[in-house]
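K.L.:
sequence plus predicted model, see below.
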Amino acid sequence: MSPGTGLQAQLQIIHALVLRESRTRYGAHQLGYIWALLEPLFWVLTFYGIFYFTHRSLHFGMDIVSFITTGIIPYELFRETLGQSLNAIPANKALLFYPQIRPLDLVIARLSLEVVTLMTVFIIIMGAHSLYLGELQIDNLLVLMCGLLLASLLGASLGLFFSALSVYTKVVDRIIPIVSRPLFFVSGLFFTVNELPEQARDLLLWNPVLHCVEMVRDGWFRSYHAVHVDLPYLLSWIVGFTYAGLVLERMARRRLELT
Amino acid sequence: MAARDAQDDFESLRKARARRLQRLFRWWVGVPALIAVLYYGLIASDYYQSEARFSIQSIDRGSAIGLDSLLGALPGVGSDKDALVVRDYILSRDVLTRLDKEHAFLKHYQDSGDWFSKLSRHATFEEAFDYYLSRVDVEFDTQSGISTLQVRALSAEKAAEFAGAILEYGEQLVNELSRRAETDRLNLAREEVRLGEERLAAARNAILNQQVVTKELNPAESAAAVMEIRTQLETELAKAQAELTEIVGYMRPDSPRAKALKNRIESLNKQVKHENRRLTSPEDESLSSSIAGFEPLLLEKEFATKAYESALASLEVARTEAASQHRYLATIVAPSVPDEATHPRRLLDIITVVLAAMLAFGIGSLLIAAVREHARI
Amino acid sequence: MIEARHISKAYPMRHGMNRVLNDISLTFPTGENIGILGRNGSGKSTLLRILAGIEQPDAGEIIRRRRVSWPLGFAGGFNGSLTGEENTRFVARIYGADVPRVSRYAWDFSELRDYFYMPVRTYSMGMRSRLAFALSMAIDFSVYLIDEVTAVGDKPFQDKCRNAFRERRERSSVILVSHNLGTIKQFCDSCAVLIDGRLQMCNSIDEAQQRYEAA
């Protein structure tokens, strides 16, 4: 088969997988898809309340809803893609019975669903908010999209690595939840890098998720310029873990067959 | 053969589906990409961006009160609020009107430029204002306190010209607001001084009148003088009485010396009584009543003097403070004259369009398929 | 038609490598239902998986000229929380088949009636197998790989399957793997025996029986 048709066939399979995934995750009850929207909305409202009552003053030009949403969505993109990639293969072992379904397809399908869902949520929340405000301001759409995509890729690459790693050791399952808790606080959901004192800033910038959040904020707000975003650093995380993940996955493939 | 038919059947179905997807892709992504390339590659006209930086400075930042307190807002950190005030002004219809009148701003964008990015000749003022906002940006960096002005126009010179004009207007606003703040304070202080003068003059006049009426220049002094006289008289009286007592001891009471002394004592007594009467008597003409009349006037003059002095001092303070509160717009970087057109960012914008279209396609197609799936069952 | 060339597969065991499949080469022609007889643990399921393409051999290759099914048997591959119909549509999609047609055919063949629209986790083992088989019939493969057909269902359904296979003899064939000779006799024309990692084609089923019992 030529690469063109091969790719198409692959896309069709992933398409089928995504539909099945969405049915499994959201189709069970009537609320289904709305739940995907509710969770980020819940965070938005919670932090709206907290910010409001603590009179936290935001960076010039930012309003609370946009500030929270531009922080939460990239973080969720990272966290969900990581979690879903970890889980994709074990949860869908049975599907590997079908020869045209590769383990990678399972991962990609889950990732696609998460990314599509969260991007839609982003558009819905920001769209509704812009309608309410009566104006739509996006400083740099390219940077905004890149921030969101890179957050997804970061989660995916780490997910790939850890899912391959989990074939060898069960520790992975325990470490991930432990690490993701503090990550919630240091990924820039509640602060911007520019307002941090220097030592805190240098320390926190080791967190690649923070860079993604900063990019999304830079892309949305005209008055915010994320001068501390280190794109090569972020990309090296992604490339590094992807490479390591693919290598590890190759090695783990035999182990997978036995189980 | 039958086997081959079954196989081909599936292959053709798969191809059909693939073709449909391809077609959708071509529409959703290919067409926007093509349009973007055409527009940004061929049609879009060059815009030059001139950039200037400024900040609002004051001589003394100590107890700075914002210009905006004039506008009724709460006082805040001086330069932050000032910069925002200037920004608001720059992005206002007033500035557009002025720019258009003095520099033919709108005409510049109506005469040239590609069809999509130019301003229509039939544009209403509101539309023109929206257009203005899309060509002029003011961003304020809270950390450095510096505002950046960016103006995009179809030629480098025009962009710099507009930017320079805008800076000028901003400067005028700052000076005007600053001056108003100064004069308001000074006027207040001056008014205080004027009132003080009036009061002092009134007090002086009252004293003068009183002096005329009572024919006394200074009753207190007069009273003191009178008392001294009386004291002297009383002293002499006592002396004379003592002498009399003394000579009565060894002289006859009707001796000439005794008689002379008796006469003297009598006249001294009369004089003392007279002086006493001068000091106090039930009628208004006595000194004590004069003093009583003068005292409040003198007190008033003292207060009026003090009040006047303090008003003068306040005026001085107001002057120095006003001078130090004086604000001015400092141009840190003058409007640049770019040598190449940086806008629109053609390649990046094309990539943005393609990426956005691909994302929209991916999201949209999955959503639609999922909704269709759900709707079926 | 499906062909195995020099297939070898070994699994690491505690005491060295276990050569499950040892240089197996065989052509399975279209139109002939072939059975593979082997004891439990002899590697017949592994061979089936390799033929299907869901497991890779250590050496050798499989040439597939036509559409090959997934290993039918214990009805893996179904998502319990989805209904029979949803699972059917999914499988139809990944094979690029006409989804409504496959769905209708599967409903009809499986005789599940209302259960077709209920979650698969409510099915019994027999019902799952029926759905799996109905589905594979609907997609119309050229080669059907079947692992231990005993789980298919009751006798009437087994008969139905056998008849269906017979109808398609022209264009599809069955490769049936089992340790039960009776099953193979039911469905297959010829038989091979898998002993000690080696696959030997036999001239008749009786011969296969002899060899199998001798090992």
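P.N.:
All right, it came through fine. Numbering: from 1, shown residues only, chains lettered A, B, ... in the order given.

K.L.:
next, the buried residues of the helix of greatest length in chain C.
P.N.:
If you go by DSSP state H, chain C has its longest helix at helix C:125-139. Buried residues in helix C:125-139, defined by neighbour count with 16 or more other Cβ atoms under 10 Å in any protein chain shown: C:127-139. Using the backbone N, CA and C atoms, a C-beta is placed for each residue, glycine as well.

K.L.:
next helix or strand past it?
P.N.:
Note on helix C:125-139: by DSSP states H and E, the next helix or strand toward the C-terminus is strand C:143-147.

K.L.:
what about A:Phe241, neighbour count?
P.N.:
Counted by other Cβ atoms under 10 Å in any protein chain shown, the residues lying close to A:Phe241 total 21.

K.L.:
that's a strand at it, yeah?
P.N.:
No. A:Phe241 is assigned helix when assessed by DSSP: H, G, I helix; E, B strand; the rest coil, not a strand.

K.L.:
do I have it right that it meets A:Ser157?
P.N.:
Yes. A:Phe241 is in contact with A:Ser157 according to Cβ atoms under 8 Å; the separation is 4.0 Å.

K.L.:
which residues does the residue nearest to A:Leu11 when sequence neighbours are not counted contact?
P.N.:
In space, and not counting its chain neighbours, A:Leu11 is closest to B:Leu21: 7.2 Å by Cβ to Cβ, 6 or more residues apart in numbering or on different chains. Residues near B:Leu21 by Cβ atoms under 8 Å, 6 or more residues apart in numbering or on different chains: A:8, A:11-12, B:365.

K.L.:
in TSV, list those along with neighbour count.
P.N.:
Shown next, in TSV, are the contacts of B:Leu21 (neighbours: other Cβ atoms under 10 Å in any protein chain shown):
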residue	neighbour count
A:Gln8	20
A:Leu11	14
A:Gln12	19
B:Ser365	16
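
K.L.:
among the residues you listed, which one sits closest to chain C?
P.N.:
A:Gln12 (6.3 Å; Cβ to the nearest Cβ).

K.L.:
okay but the closest one is in contact with C:Ile94, surely?
P.N.:
Yes. Counting by Cβ under 8 Å, A:Gln12 touches C:Ile94, with 7.4 Å between them.

K.L.:
and stretch B:348-356, anywhere near chain A?
P.N.:
Yes. Under the criterion of Cβ under 8 Å from any Cβ of the partner chain, chain A is reached by stretch B:348-356 at B:348, B:351-352, B:355-356.

K.L.:
list the buried ones in that stretch?
P.N.:
Within stretch B:348-356, the residues that count as buried by 16+ other Cβ under 10 Å are B:349-356.

K.L.:
which SS class is B:Ala52?
P.N.:
Secondary structure for B:Ala52, judged by three-state DSSP, is strand.

K.L.:
residues contacting it?
P.N.:
The contact partners of B:Ala52, by Cβ under 8 Å, 6+ apart, come to B:148-149, B:163-164, B:167, B:331, B:333-336.

K.L.:
same thing with B:Glu300?
P.N.:
By Cβ under 8 Å, 6+ apart, the contact set of B:Glu300 is B:203, B:206.

K.L.:
tell me which element it is part of?
P.N.:
B:Glu300 is part of helix B:287-325 when elements are defined by DSSP H and E.

K.L.:
before we move on, the earlier item: got JSON lines for the buried residues of stretch B:348-356, with secondary structure too?
P.N.:
Output for the buried residues of stretch B:348-356, formatted as JSON lines (three-state DSSP):
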{"residue": "B:Asp349", "secondary structure": "helix"}
{"residue": "B:Ile350", "secondary structure": "helix"}
{"residue": "B:Ile351", "secondary structure": "helix"}
{"residue": "B:Thr352", "secondary structure": "helix"}
{"residue": "B:Val353", "secondary structure": "helix"}
{"residue": "B:Val354", "secondary structure": "helix"}
{"residue": "B:Leu355", "secondary structure": "helix"}
{"residue": "B:Ala356", "secondary structure": "helix"}
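
K.L.:
check whether stretch C:139-159 comes near chain B.
P.N.:
Yes. Stretch C:139-159 reaches chain B (Cβ under 8 Å from any Cβ) through C:140, C:142.

K.L.:
equivalent analysis for stretch A:223-239, please.
P.N.:
Yes. Counting by Cβ under 8 Å from any Cβ, chain B is contacted by stretch A:223-239 at A:223, A:225.

K.L.:
quick one: buried residues of that stretch?
P.N.:
Neighbour-count burial for stretch A:223-239 flags A:224, A:226, A:228-229, A:234, A:237-238 (criterion: 16+ other Cβ under 10 Å).

K.L.:
looking at the buried residues of helix C:125-139, which is nearest chain A?
P.N.:
Distance to chain A, by Cβ to the nearest Cβ, is smallest for C:Ala132 among the buried residues of helix C:125-139, at 9.8 Å.

K.L.:
check contacts around the closest one.
P.N.:
Neighbouring residues of C:Ala132 by Cβ under 8 Å, 6+ apart: C:72-73, C:75, C:77-78.

K.L.:
adding neighbour count, secondary structure and distance to chain B, write those residues out as a markdown table.
P.N.:
Compiled in a markdown table, the contacts of C:Ala132 are given as follows (neighbours: other Cβ atoms under 10 Å in any protein chain shown; DSSP: H, G, I helix; E, B strand; the rest coil; distance: Cβ to the nearest Cβ, whole Å):
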| residue | neighbour count | secondary structure | distance to chain B |
| --- | --- | --- | --- |
| C:Leu72 | 27 | strand | 18 |
| C:Gly73 | 22 | coil | 23 |
| C:Ala75 | 23 | coil | 21 |
| C:Gly77 | 22 | coil | 19 |
| C:Phe78 | 24 | coil | 17 |
